[in-house]
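Trainee: I need the structure of the sequence given here:
(3 chains)
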Amino acid sequence: MATSPEARLKELGITLPTPGRPMAKYKMAVRVGNMIYLSGHGPVKATPDTPVNGRCGQDLTLEQGKLSARAVGLNLLATLRDQIGSLDKVKRLVKSLGLVNSTSDFFDHPKVINGYSELMAEVFGEEAGVGARSAIGTNALPGNIAVEIEAIFEVE
Amino acid sequence: MATSPEARLKELGITLPTPGRPMAKYKMAVRVGNMIYLSGHGPVKATPDTPVNGRCGQDLTLEQGKLSARAVGLNLLATLRDQIGSLDKVKRLVKSLGLVNSTSDFFDHPKVINGYSELMAEVFGEEAGVGARSAIGTNALPGNIAVEIEAIFEVE
Amino acid sequence: MATSPEARLKELGITLPTPGRPMAKYKMAVRVGNMIYLSGHGPVKATPDTPVNGRCGQDLTLEQGKLSARAVGLNLLATLRDQIGSLDKVKRLVKSLGLVNSTSDFFDHPKVINGYSELMAEVFGEEAGVGARSAIGTNALPGNIAVEIEAIFEVE
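Mentor: A predicted model of the protein is given here:
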């Protein structure tokens, strides 16, 4: 397995999307010292099958939600690379908050957010790429996106 | 335009409310090094038209929600000044989490939270006053307040 | 009153549960410098009466929710001790985010989360054990747990 995150991305055949732009009065990320705070990101349309909008338990299955969460991860990685130049400068994923647009009787938020967390582990490895995390449901997300995730990374 | 946050507040004709007090077992803010973590704040009754309670998509319009979010910002600024003595000691807004009390079919949370974010930009400027941010909906907030926001600031 | 957190635990007759293990792709906690980020934790079955699952305003009363929040605190303390060896190394509780599984007409989230916050104050004292905090409602939590709390602690 390739040892650097950028090499791993290539190995995985992943091309990151164009970095997103703020849709309201905020920055995509703010750096303080070696910590980067990434704003809440939604999913990009990574593949034709990737759902961007919808509610788990109503419009989307667990697997579709998970695919959407992975697409949020791609979006976050695009922002992160845009901020620091190369993902090889990442020391570790510190903390993520993952929100799943869900009905009141959907309880598999951790499995949905795993779509994002497994991507991070693939790219940064099982130690640096697995961080502290909270996964929760909510009744409504901006623009009816399926998943929103914010994250803190430690960088060089 | 005035160059210091305190001078800008005067220029904008803004008088901050009396700093709030905890309504439960928490502190309004905790400082670690140069970072200040502000607790989740609700809106103050800044003007007769400012809604303090209610749900966007049901009781409140987007514009009313936005006014409420601005009033949360006034409340946060009052706490911040109370903690560090003067807003001129703020280096930057780092990260905010904005929660909008909303129905399941209300999707304009970013525009609502802009009421808060635009105030921060007015007071601290477009660079220091615009931070990373997540805006989300929730089905219930304490005391049925319209908006709750927590924030991290970097200070001198 | 005992002066160290570990001694206080004994004085209070509290035995911490076995530290939990991640139920998905995350770590229970990540340390960066002197800050420890604890993942979102749910309640342990601390006593026969402690509710682990259910929704406040529907399945659970405020008092039951509060008991559940205290049990989340026990779970967090177990993780924290497991990470740093002894709770005596805690400098302070910095920031908590408390989520209450609740109906849309339940508004007492701060009182519920006090179950957790009062435990922290008992163990670490009124200064170090009371931190910044946000308490909010949500329509759904993983596995239908009653309360989920994430926290940041400063440690030696």
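Trainee: contacts, neighbours, all on C-alpha from now
Mentor: Fine.
Trainee: please see if the longest strand along chain A touches chain C.
Mentor: Criterion DSSP state E: the longest strand present in chain A is strand A:90-101. Yes - contact of strand A:90-101 with chain C (CA under 8 Å from any CA of the partner chain) involves A:94-95.
Trainee: would stretch A:22-34 count as contacting chain C?
Mentor: No - contact between stretch A:22-34 and chain C is absent, the nearest approach being 10.0 Å (criterion: CA under 8 Å from any CA).
Trainee: please save the CA atoms from that stretch in PDB.
Mentor: Output of stretch A:22-34 as PDB, limited to C-alpha atoms (Å, rounded to 0.1, in the frame of the first residue of the first chain):
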ATOM      1  CA  PRO A  22     -19.100  28.900   0.500                       C
ATOM      2  CA  MET A  23     -22.800  29.200  -0.200                       C
ATOM      3  CA  ALA A  24     -23.300  31.700   2.600                       C
ATOM      4  CA  LYS A  25     -21.300  33.900   5.000                       C
ATOM      5  CA  TYR A  26     -18.600  31.600   6.000                       C
ATOM      6  CA  LYS A  27     -15.200  30.200   5.000                       C
ATOM      7  CA  MET A  28     -14.700  26.700   3.900                       C
ATOM      8  CA  ALA A  29     -12.000  26.300   6.500                       C
ATOM      9  CA  VAL A  30     -10.100  28.300   9.100                       C
ATOM     10  CA  ARG A  31      -6.600  27.400  10.300                       C
ATOM     11  CA  VAL A  32      -5.300  28.200  13.800                       C
ATOM     12  CA  GLY A  33      -1.800  26.900  14.500                       C
ATOM     13  CA  ASN A  34      -1.600  23.300  13.300                       C
END
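Trainee: tell me the buried residues in it?
Mentor: Of the residues in stretch A:22-34, A:24-31 count as buried by neighbour count, 16 or more other CA atoms under 10 Å in any protein chain shown.
Trainee: neighbouring contacts of that stretch?
Mentor: Here stretch A:22-34 makes contact (CA atoms under 8 Å, 6 or more residues apart in numbering or on different chains) with A:20-21, A:36-39, A:79-80, A:83, A:154-156, B:94-95, B:110-111, B:114, B:117-118, B:130-133.
Trainee: out of these, which sit inside strands?
Mentor: Short answer: those in strands (DSSP E) are A:36-39, A:154-155, B:94-95, B:132-133.
Trainee: thinking again about what came up before, quickly run through the sheet partners of the longest strand of chain A, with directions.
Mentor: When pairing is defined by DSSP bridges, strand A:90-101 lines up against strand A:132-138 (parallel), strand A:147-155 (antiparallel).
Trainee: and for the last one, what's in contact with it?
Mentor: Right, strand A:147-155. Outside of strand A:147-155, the residues within contact range by CA under 8 Å, 6+ apart are A:34-43, A:65, A:68-69, A:72, A:89-101, A:141, B:134.
Trainee: same deal with the shortest one?
Mentor: For strand A:132-138, the external contacting residues (CA under 8 Å, 6+ apart) are A:94-103, A:107, A:109-110, A:113, B:137-139, C:26-30, C:37-41, C:138-142, C:150.
Trainee: now residue A:108: how far from chain C?
Mentor: Noted for residue A:108: a distance of 6 Å to chain C, by CA to the nearest CA, to the nearest Å.
Trainee: counting neighbours, what do you get for that residue?
Mentor: 22 (other CA atoms under 10 Å in any protein chain shown).
Trainee: repeat that for the one 5 residues further on.
Mentor: Here the neighbour count serves as a burial measure; for residue A:113 (other CA under 10 Å) it reads 34.
Trainee: with adjacent residues omitted, what lies nearest to it?
Mentor: The spatially closest residue to residue A:113, leaving aside those adjacent along the chain, is residue A:69, at 5.7 Å (CA to CA, 6 or more residues apart in numbering or on different chains).
Trainee: and that neighbour, which of the three is it?
Mentor: Following DSSP: H, G, I helix; E, B strand; the rest coil, we place residue A:69 in the helix state.
Trainee: list, one by one, the residues from chain A near chain C.
Mentor: Going by CA under 8 Å from any CA, the residues of chain A near chain C are A:94-95, A:102-111, A:114, A:117-118, A:130-139.
Trainee: what sits against the residue of chain A most remote from its centre?
Mentor: Going by CA atoms, centre = their mean, the residue of chain A most distant from its centre is residue A:105, 23.8 Å out. Residue A:105 makes contact with A:57, C:140, C:144, according to CA under 8 Å, 6+ apart.
Trainee: in helices, which of the buried residues of stretch A:22-34 fall?
Mentor: Using DSSP state H, no member of the buried residues of stretch A:22-34 falls in helices.
Trainee: which of those residues lies closest to residue B:15?
Mentor: residue A:25 (22.9 Å; CA to CA).
Trainee: next, give phi and psi for that closest one.
Mentor: phi -80, psi 80 (degrees, to the nearest 10).
Trainee: got a pLDDT number for it?
Mentor: Predicted confidence (pLDDT) for residue A:25: 97.
Trainee: and residue A:8, by the same measure?
Mentor: Per-residue confidence (pLDDT) for residue A:8: 97.
Trainee: in PDB, list the C-alpha atoms belonging to the one helix or strand it maps to.
Mentor: Here residue A:8 sits within helix A:5-11, counting by DSSP states H and E. Output of helix A:5-11 as PDB, limited to C-alpha atoms (Å, rounded to 0.1, in the frame of the first residue of the first chain):
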ATOM      1  CA  PRO A   5      -2.100  10.100   1.300                       C
ATOM      2  CA  GLU A   6      -1.700  11.600  -2.200                       C
ATOM      3  CA  ALA A   7      -0.200   8.300  -3.500                       C
ATOM      4  CA  ARG A   8      -3.000   6.400  -1.900                       C
ATOM      5  CA  LEU A   9      -5.600   8.500  -3.600                       C
ATOM      6  CA  LYS A  10      -4.100   7.600  -7.000                       C
ATOM      7  CA  GLU A  11      -3.900   4.000  -6.000                       C
END
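Trainee: figure out how far it is from the centre of its chain.
Mentor: 17 Å (CA atoms, centre = their mean, to the nearest Å).
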